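Colleague: Okay, sequence plus prediction incoming.
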Amino acid sequence: MPFFQTDETLQQAGDRILNALWSTVPGLVRNQVALTWIVYDKPVPVNTGGALSPEEFWRYPVRGFSYRGVECFEPGGMVRLFYLVAAHEWLEQGMVTPSPELERAMQAMITAHSHDATSLVVDSLSGTTSGPALPTGPFVTWQSQRNIVNRYYHTLEWEELTTINVNQKTWQDGPYGRERLFMGEMMEHRNQLTTEAIALLFHSIIGGVAVSAARSSAMMALLRSSEDPASRGTQRTSPYSRYTWMSELYPPNTQHWALSSHTPTGQSLVTYVECPTVQPYLLALATEEKGVDGDLLPLLSSQVFEAVKGLQANQLLESPDQ
């Protein structure tokens, strides 16, 4: 069973979103989109500062809608979310030694979408390094070590994580040497995620139960979006300029936490939104942009936000005394 419950209201809203999408975007094929959408009813169990224990948190029911949410896609930089949680788990368990360089890399991996920083984090998690091809025996050992993050997520025994693959670095122009051999002749060992897996992990972070309450809060601080790129760092072309459209989409005083990825073949986004006029919600999206005229992430995000406003209006009509 998924971590969320489906209901008729969200199913109808999700169907309307998708039908509007098919009619709005020429050339869009139905397998070019995947999404998972979670709505938080009161009492909201997330962003509580870790007030709920893991046992209490997972007992709270949440409603959701998913379209192709179990279908794997190449996530690009979205894999960094999984490396971030793993890095905090390793630190919590004493499996790696804390250091200013590891902390700096974890921050740059998320806030600057840095390939180099991601490389250091993956090396720290797995005890491996990139380089030339290795002899057969050492390469077998190297591959086993690199799969340690996969083994960690499989031990959590979450249904949503059974099909994912998170053992590759992110690249500017592609892997070389042992990294290219590890990817496989047909790139069959590339990273693979689903929107349900992404939504589940983000749900645990904002719920304060990813590793620990304190570490979940630290992760949320990195994932918090800002409409001012300067507040994210000193780089002139901050990746967080990609979130400008999100700030334009939401009303004033809206808070949102997000991570996005842009690859040559598609885009993905996960975001948690708190807006004064609607109930909180989480959205995980994956799109393939080939043959599509326009940017699907802002379009879909806008449609989901409008749908959440519709849910709020319906609740007010059904409960006039509240």
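Modeller: Yep, it's here. Keep in mind that what you see is a predicted model, and the values were worked out from it rather than measured.
Colleague: and Thr265, how far is that from Arg190?
Modeller: Counting by Cβ to Cβ, to the nearest Å, the gap from Thr265 to Arg190 is 11 Å. Bear in mind the C-beta positions are built from the backbone N, C-alpha and C, glycine included.
Colleague: So for those two, which sits in the more crowded spot?
Modeller: Arg190 (17 against 12; other Cβ atoms under 10 Å).
Colleague: pretty sure that one contacts Glu74?
Modeller: Yes - with contact defined as Cβ atoms under 8 Å, Arg190 reaches Glu74; the gap is 5.6 Å.
Colleague: Would you mind measuring from Ser126 to Thr141?
Modeller: Per Cβ to Cβ, Ser126 is found 11 Å from Thr141.
Colleague: nope, Glu188 is what I was after
Modeller: Note on Glu188: its distance to Thr141, by Cβ to Cβ, is 21 Å.
Colleague: Compare those two and say which one has the larger neighbour count.
Modeller: Here Glu188 and Thr141 are compared on neighbour count by other Cβ under 10 Å; more neighbours surround Thr141, at 12 against 9.
Colleague: Can you show me the helices along the stretch 1-150 of the chain?
Modeller: For the stretch 1-150 of the chain, applying DSSP state H, counting those that start in this stretch gives helices covering 8-24, 54-59, 80-93, 100-111, 115-126, 136-146, 148-155.
Colleague: Against which helices or strands is the third one packed?
Modeller: Helix 80-93 makes packing contacts with helix 100-111, helix 115-126, helix 148-155, helix 195-206, helix 213-223 when contacts are defined by 3 or more Cβ pairs under 8 Å, 6 or more residues apart in numbering; DSSP states H and E.
Colleague: who wins for proximity to Met183 among the ones you listed?
Modeller: The closest of the helices and strands packed on helix 80-93 to Met183 is helix 115-126. By Cβ to Cβ, the value is 13.6 Å.
Colleague: quick revisit: redo the helices and strands packed on helix 80-93 as JSON lines? Include mean pLDDT.
Modeller: Listed next are these as JSON lines, based on pLDDT from 0 to 100:
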{"stretch": "helix 100-111", "mean pLDDT": "97"}
{"stretch": "helix 115-126", "mean pLDDT": "98"}
{"stretch": "helix 148-155", "mean pLDDT": "98"}
{"stretch": "helix 195-206", "mean pLDDT": "98"}
{"stretch": "helix 213-223", "mean pLDDT": "97"}
